[in-house]
Structure formats: structure tokens, C-alpha cells
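Engineer: Got a predicted structure here, sequence first:
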Amino acid sequence: MARNDLQGSLDLLVLKSLAQLGELHGYGIVLHVQSASDQLLSVEEGSLYPALHRMEMSGWIRSEWKVTETGRKAKYYSLTKSGCKELEKAEKSFEQLVAGIRAILRYA
Amino acid sequence: MSIFRRIKNKLTRSQHQQDVNAELQTHIEMRIADAIAAGMSPEEARRDALIRFGNQGVVRERVTEADAGMAWDSLVRDLLYAARQLRRTPAFTFTALVTLILAIGANVVTFSVLNALILKPQEGPASAGLYTVVHQQPGYDNQSYPDYLDYKNKNSTFRDMATYRLQKAGLAVGDSAYSSWYIRASGNYFDMLGVQPAQGRLFHASDEHGPNSAPYIVLSDDFWRSRLGANPAIVGTTVRINKHPYTVIGVAPAGFHGTDVFLWPDFWMPIVDSPDDEGTNFLSNRFMHSLFVLGQLAPGVTPKQAELNLNAIAQEMARQDKADDGLSARLVKPGLMGDSLGGPARAFVSAVMLLSLLVLLAACANLASLFAARTSDRSREVAIRLAIGSSRWHVLRQLLSEAVLVSLIGGALGTIFSTALLRGLSRWQPFPEFPIRVAVTPDAAVYITALVLSVGSGLLWGLVPLRQVWRTDFTQVMKTGSTGATVLRRFAVRDLLLGAQIALCTLLLTASFVALRGMQRSLHAPLGFQPEGTFLAVTDLHMGGHTDKSAPAIQKQMIEDALRIPGVTAAGIIDETPMGTGGSSTPVFRPDTTDFRQSNSVFGAKYFSISPDYLEAAGTHLLSGRAFTWHDDAKAPNVAIVNETFAHEMFGDKQPLGMTFKTADGPPYQIVGVVEDGKYESLTESTWAAMFFPVDQAPDSDTTLVVRSQLPAAELMPQLREALARIDAELPFVFQSWPDGMAFVLFPARVATATLGVMGLFAALLAVTGVFGMTMYSVSKRFKEFGIRVALGAQSLQLMRTALARPVTMLLIGSGVGLILGVVASQLLAQIVYQATPRDPLVFTGVTLTMIALGLLATWLPARRTLRVQPARLLRDE
């Protein structure tokens, strides 16, 4: 049975973004999700940072202060090993969730 | 793990707050910059960014919350809560702490000794692959010098080999004279062990040029500091050893005291040199086995391969020289003067370690039952916490932190006490006349063990209420008020714990009783002499510059002078007293033997040189024949007195008087007397054959004057000292009563008995607190029930039966099991403590009586409380 909460999808988006681009700051994640989803999805910024910190505490991601191309100091996040595993789990769980919802929608 | 991050968060809270602010600020700034780049006005861009972000304060709070959610904070909170809970129940906390301090303290002390003795017996830069070469026959640990040279030169498996022996001499530095133990070591000794000098230089293989070619000594750091005031000018000066001049060439580094754990020699001397006249004779004698041989394996060689290699060499040596007949080699760990001391010592310390772990286990069982009781008292609290949404895991974590906290505090205190004890032990010199020191310094391994034991035991007894918490049905508890009643009905885990604890305690008690009885009996065992009422004056005439040959004349003088002291009834000389530092033995042959190889001998016999009146002075009974006279001198035919075992093993039932035997090449000895058997080396030995020769025919510079007198020591000793000083004022003597002189031999048994006595005491304490705690608790829980019983007309006896039936049953079963285990375990003890047998009615009764007494003691108060139940008041109370 999939963990059928939609809240889990924020974690998934963050983890996947980091997996795709390696290292991002919070704002970068927001931009990436927006552009990669063809503006279909937007991450709520107020929820993003608590989520990032929670994931860091759980050891899924790690952070590092770096300087951006524009010369700003920003906190960059990247995946840890256990984060990669977590991403796999989250992806599988999401696939099941989607499959389940689709099945219900098709039921007539 | 994230624990470090949590600690960091905790420690740098303001820093953390700034970080979060900065992170959020950067986000907003980047958004603004992008919006301006897209064409918005700066004000618009800022407004837009802030709206998108939402309430910054709320976000900041939520971020901080996410960081602290599983953070350090909650661990600290748990510990603070645990500390508060423990303060609320001082009785429990105190009991737990005392129990843990004793149990963990005992373990730390034992482990430190074990650590020093077994785990890291050798220190120093070159201790890896270091072994002592002993014979395959147990008890034969020494090699002769020619054998050592053969092993050293012919082997292909050792990087190097060195040899040493321990000796005693009179050392005179300026005006001060010391009676010193020192090590005579081969030239390569320091180099092989990788030792560097602290002052001056050490001696090397290149210093050896045959007998008496290297009159140098290297002082030990300890002697140099404590006796010579750490005077660096001593290096290069000349000191006198047994009146011969020696040059001090250097001082060994601090802490280096050779390879034997408990021996602390005063100085080192090259083995080729000797301050005694015949002190280098052994260098060319294959028969004189008096050396310890150390070998350091070549890289990549296993001890097994090296043993094979040495045994092949030994066989070759045996083919070439009959002195090496039957020679064989075995490697043992160095550190305890070969195998005969090391083997039993290691076995004993391991056994004591096992016992102290048992004590800790019993203590854990004790605490577990107390803790379980405490938890069930708190079932209402647990239920409330579960009801308002606390997870079971959280409640359990809370309980565990209490257990671990108490264990850690107890462990820390226990470690502090035991290190203090060990520090005292390190300063203690059990025998003033021997360079023995039990220097046990706790190291990292000890502290880590203490920590592991503390946390481990905390978890062990802290996990016992696991089931209780897991099964708590809070609706039920809230309704009925307590789960205690239902738990007590059943044959609970707690009863099993109590039974196990009592069994362990009885086992420990039995072991200590067995040891105590063995010790008591061994002190009254027939020794073959009567040490009570005799005094010894021990010296080596070499220290006065005399030789073996000139010894008998001085010895005769000593006897005559001693006899002149009023109150002295007998006085005699023996080279080394039996039950002293261990006599020598030599093979005995039939008189017709011509080939004196070891395999042709009848047996090995202990031998002593005695003066005519020794037997009388020592109280050794002459069974038949005569004692020696002063006419049995060098010109008279060789005579000997033998013990019963000697006579019996050599001649069977035939009359031994007038019979002859040989000890090696040379004229036979005629037996003129037979004396009773005795103990010669240790209390536990099986009976040795022994023979005595007259001092004139077997002169020896080793001299022990045995004086029998009814005078108290304080009166006799000064007179004796004065009399002996008149003969040679510079000859150092050690004066002591004979029972004191046996302290060295009795030491292992004494230590064993003391250790086991302490363990037994711990066990008794734990048994009492365990039974008392549980009985008291169950009685207090059932007061209401008792009140009702009394109200319904129960008699005292019936009441007692209800109250005490279970603890008493557990006490009986536990004691029975423990006694059986104790009997089994005590077989091991018999190897160390002489005559330790569990099949002793006194031990059996002693343990049984003790357990009954402990049981009475522990149930007395609870029983009294039960009998004082006042139903009316009790029923009103609830």
C-alpha cells in the first residue's frame, strides 16, 4: 500500500530536483520545479524551508553555504546516500498513488 | 549521524537563528533580483516577493521547529525529566546507586588487574611477538646459559633472543647500603626490548667479553629517584656490590622495570658479570637451569612455527649432550616469570572476572525487579501520558533514560572509587623483602569497559518494564487505578529475577565459603616443620664477600652466638627454608648408575643443606636414624637424611637406613636418617621427595638461621641482630618470624580468599537487598488485601503465609540451585586454594545457615509490617 499522502509529494519534488541538478539552493529548487513542470507546479515557499530543514535533520540531504554567480551567499542543498534511497522509496510510493487514483477515476 | 548537527544546533542557538534568517533573506533577495530583471520596478518586485513568501515569522518558526523536533533538546529534556523522577524516589535511587557502585567498582578493579596481567602484560616499544621460552613439562620455566646460546644461535625463527635472571645483592652507594634485587641480563637485553637510556648509556652485546668482563650497572628510574634523589652525577661513579666495585653507566627510562609485570628491580647488570665468587659458573654449565629466556619472533613467523623450530634444535642438543636429555621447548606469554606462576594467576584472575560479572548480573537482576516494581507503581502516570498522546516508544525512552542515568552515575562513582583503590594498590609492597609491586594503572581500555558496563547494565535492567509499558491499556488503568494487583497474582518475571539473583548470590557465597575453609585448613596442614615460635634471620654470605667454601665456619659461629641468647631453645642453619621462595630440585640416581642422563634417574628430589641442630630448631620430626653432627664434615663419608616419600619411592618397604644413592657423577650418599614428609614449595603441591645434606658437605652461602624461642619477637630480635652484627657488621640480614616468612607462599591463597570473601560479602548484600526490596514491596502493595483478611479473621500465621510464601519459595529454590552451581564451580577453586573442597559438611551448613540468616534478615521487616496491619485504619485510608 502506498503512503498515499500528497504532502509526501513535496519531499519527492525536492529530492528529485536535487538528484537531477546535484546542488541547489531553496530558490533554485522553486525555479527548477516550476520550469521542469512547464509552469504546472509551483512550490509553496513557506512550506519549502521547513521541509528542507526536516530532511536535513533526517540525514537525507546536506547543506553548505556557498556564493552564487551573482555574488550572494546562499545555502546549497545536495542529496546524501540515505536521501537517494529515500528518493527511490518516494518515487515508488508516488507511482502507486498515481496508479491508484487513476484506477479510481477510471472506475465507472 | 545527525547527533552532531543536533549538538551544534543546541550549542549555537543564536548562530543557528542567524543562519535561518540569512537563508530566507537570500531567497527573497534572489526573487526580487529576478523580478527586476524581468522588468518590474524595485518596489513592485519587493512587494511581490514578500507576498509570494507569505508570513516570514511563521516560516522562520517552522524551520526552527523542524530543526529542534528530533533534536538534542529532547534528549536533554529526557535526562532532566529522568533526574527529576529519580530525585522524587530517593530510596530507590540510593539503593540503585550503592548496588551499582559496588558491582561496577568490583568489575573495574578486576578488569584493571586482568588488563594489566593478561591483555597487555608487556609494554615498551618492542613488545609485539615477545615470548618466554619454557620447557614443555609444566613447572620447568628456566633454561641453562649454554642451552640459551644454542637456541639463540641456531634458530631461524626469532629476530633475537635475550636472557635474564633475578638476583639479590648488597649495594653500597657512598655511605648508604641497600639490600637490592637486580636483574642480570644478556648484553642485547635492552636493545632487543627497544629501551633507550634516560641518563648515560645502557649496556650492549658488545660489552660482553667473557666472565666478569663488564662491571657495569644500569639503575632503574624508580631506585634512582626514590633512593638516590635523582642525582644525575651518579652516572659514571663507582658503587660497591657485595663489596666489589661497579660503574654506574646509566639510568633506565621511567616506567621500565623489565618484562615481568609485578617485579621492580633496582638495577641491571650484564649477565657475564657477577659480584659473587662463583656467580659466573652457570655460564658454562648445561645443568644449571636458572635463566628466563625471552625471544622476539621474526616478522611473519607464528609461535607454532617457532616452537617447532626450537624443538628441533632441542633434539639436536639432546643428541650432543646428555645434560639436555629430554629437552623440549614451549612458548608462553612473558610477564609473569614463566608459566608456573603465570598459568594459575591468569586462570584465577579470569575466574574472578567471571565472578564479578556474575555480581553485576545479580545486581542487574536486583535493580530490574526494583525498577519493574517502580514502573508498576507509576502505571497511572504511564497511562495518563499514553492517554494524552505520548507514544509508547517515548514513554519507554523516558524509563530507559532513568535507568541509564542511574547506571552512568553509579558507574562513574564506582570507577572513581576503584581507581582510588588501585592507586593504593600500586603503592603497596606486599613483601618488604621482595621487589614486588602490584602496579595497576587504569587505562583507556578500563574506562571504556566501565562505560560499556554502565550503559549495558542500565539497558539490561531498564528494559525489564518494556512489556509492562507495551501492554498498558490506559482505559483499563484509568478505571481501576492500578495494574499492580493483576501483575502480582501471576508468577511474574519479577519472581524469576529474584530466584535467579538468589541463585547467583548463593553461588558466590558457596565459592567464598569454600575458599575460606580451604585457607583455614591449609594453615593447619602438616608442613613437616613447626613455624610457630621460630624466627628467621636470612642472608647471603656472598654479600659479605664470603664464598660457599668459607660459609660453614661462619654459619657455625652464628648458631653458637644465637644459642647464647637466654631464652633460645634451639638454633640451626638451612640454606633456604622450605615454603620460602622455592627450593631447588635435582635428579636422584641409584648407586649403581654410571650414565647420568635425566631419563635414568629415579625421581627429582628437593635438596637442602642443614646444620646438625636444624631439625630440632625447625621442629621436623626424625622418624628413624640420627640427625647430623659437626663430624659429618668434608673429610667424613657423604651422608644424607631423606624424607619418607624419598625412602618409600626409592626402596619400597625395605629399611632405608644405610642404603645409598647418587645425585650425579661422584661418590654415593649414605642415608643416616629419615624425617617426616613436608611441604617444600607450596601448600598445593603433591608430596615431593626431599633430601638433606650436612652444611659441611654441601656448603652454601645462602644462609637462614632458624631460632626457636619462647621469647616475644620484640625481645628476641634486637638481641639476635646484635649477636649477628658482632660476626660481620656489614652483612645485611632480613629478620622475621617464620610464619611471616611464609607470607610469600601463602600470598596467592590469601589474595584468593580475600577476593572471594569480598565477592561473597557483595553477594550477601545483594541477596538481602533483593529479597528485602521485593518482599517489602509486595507486602506494601497488598496491605488492603491483608486488612480484609484480618477483618475476616485471618490468624497471624495464615497472614504470614500469604505474605511471605512467594519470597520464601524463591529463596529456597534459588539457594538450592545456587548451592549446586557453587559445588560445580568450586572444582575450579581447588586448583588455587589448597584443600578447597565443596564436599565439606561445614561449607554446606555454612552456606545454608547464611542463606537462612539472610532470608530472615530480609523478611523480618516486611513480616512485622504485615502483622501490624490494622484493618480498620487501612480500609478507611483507601
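Structural biologist: Received the coordinates, thanks.
Engineer: now chain A, which segments are flagged as low pLDDT?
Structural biologist: Residues of chain A that meet the criterion pLDDT under 70 lie in A:1-8, A:108.
Engineer: Which parts of chain A are strands?
Structural biologist: With strands called from DSSP state E, chain A shows them at A:23-25, A:61-67, A:73-79.
Engineer: hang on, B:Val195 in a helix?
Structural biologist: No - the assignment for B:Val195, made by DSSP: H, G, I helix; E, B strand; the rest coil, is coil rather than a helix.
Engineer: if we can go back for a sec, so which of the strands of chain A gets nearest chain B?
Structural biologist: Closest to chain B of the strands of chain A is strand A:73-79 (CB to the nearest CB; 4.7 Å). From N, CA and C alone the C-beta is placed, and that goes for glycine too.
Engineer: and that closest one, anywhere near chain B?
Structural biologist: Yes - Strand A:73-79 reaches chain B (CB under 8 Å from any CB of the partner chain) through A:73-75.
Engineer: most neighbours, which of these?
Structural biologist: In terms of neighbour count, A:Ala74 stands highest of the residues of strand A:73-79 next to chain B at 22 neighbours, by other CB atoms under 10 Å in any protein chain shown.
Engineer: B:Ser588: what secondary structure?
Structural biologist: Quick fix: residue B:588 is Val, not Ser. Following three-state DSSP, we place B:Val588 in the strand state.
Engineer: wait, it sits on B:Asn600?
Structural biologist: No - between B:Val588 and B:Asn600 there is no contact under CB atoms under 8 Å: 10.6 Å.
Engineer: Who has more neighbours out of those two?
Structural biologist: Ranked by neighbour count (other CB under 10 Å), B:Val588 and B:Asn600 place B:Val588 first, with 24 against 14.
Engineer: Against chain A, how distant is the more buried one?
Structural biologist: Using CB to the nearest CB, to the nearest Å, B:Val588 is found at 76 Å from chain A.
Engineer: That residue bridge partners, please.
Structural biologist: On the basis of DSSP bridges, B:Val588 is bridged to B:Phe603.
Engineer: Spatially central residue for chain A, please.
Structural biologist: For chain A, the residue nearest the mean C-alpha position is A:Val14 (1.5 Å; CA atoms, centre = their mean).
Engineer: Contacts only, for the residue lying closest to it once chain neighbours are set aside.
Structural biologist: Excluding its sequence neighbours, the residue lying closest to A:Val14 (CB to CB, 6 or more residues apart in numbering or on different chains) is A:Ile29, at 5.9 Å. By CB atoms under 8 Å, 6 or more residues apart in numbering or on different chains, the contact set of A:Ile29 is A:13-14, A:17-18, A:43, A:48, A:52, A:77.
Engineer: Next: B:Asp160.
Structural biologist: Contacts of B:Asp160 by CB under 8 Å, 6+ apart are B:152, B:188, B:191-192, B:295-296.
Engineer: If we use 6 Å, what do you get?
Structural biologist: The contact partners of B:Asp160, by CB atoms under 6 Å, 6 or more residues apart in numbering or on different chains, come to B:192, B:296.
Engineer: who's it bridged to?
Structural biologist: Taking DSSP bridges as the rule, B:Asp160 bridges to B:Gln296.
Engineer: Run a quick neighbour tally on residue 85.
Structural biologist: Let's take chain A. Per other CB under 10 Å, the neighbour tally for A:Lys85 reads 12.
Engineer: I was after chain B.
Structural biologist: Around B:Gln85 there are 19 residues (other CB under 10 Å).
Engineer: Over to B:Leu263?
Structural biologist: 18.
Engineer: Check B:Lys679 too.
Structural biologist: As a burial measure, B:Lys679 scores 21 neighbours (other CB under 10 Å).
Engineer: Now for chain B, the helix or strand with the poorest mean pLDDT.
Structural biologist: Least confident helix or strand of chain B, by mean pLDDT, DSSP states H and E, is helix B:484-489 with a mean of 46.
Engineer: State the next helix or strand along the chain beyond it.
Structural biologist: Using DSSP states H and E, the helix or strand that follows helix B:484-489 in sequence is helix B:493-523.
Engineer: Does that next one pack against any helices or strands, and if so which?
Structural biologist: On a contact count with 3 or more CB pairs under 6 Å, 6 or more residues apart in numbering or on different chains; DSSP states H and E, helix B:493-523 meets helix B:338-377, helix B:743-781, helix B:796-829, helix B:841-867.
Engineer: Throw these into JSON lines and include mean pLDDT, thanks.
Structural biologist: Output for the helices and strands packed on helix B:493-523, formatted as JSON lines (pLDDT from 0 to 100):
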{"stretch": "helix B:338-377", "mean pLDDT": "76"}
{"stretch": "helix B:743-781", "mean pLDDT": "75"}
{"stretch": "helix B:796-829", "mean pLDDT": "81"}
{"stretch": "helix B:841-867", "mean pLDDT": "82"}
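Engineer: B:Arg225 is nearest to which of the ones you listed?
Structural biologist: With CB to CB as the criterion, B:Arg225 lies closest to helix B:743-781 of those, at 26.3 Å.
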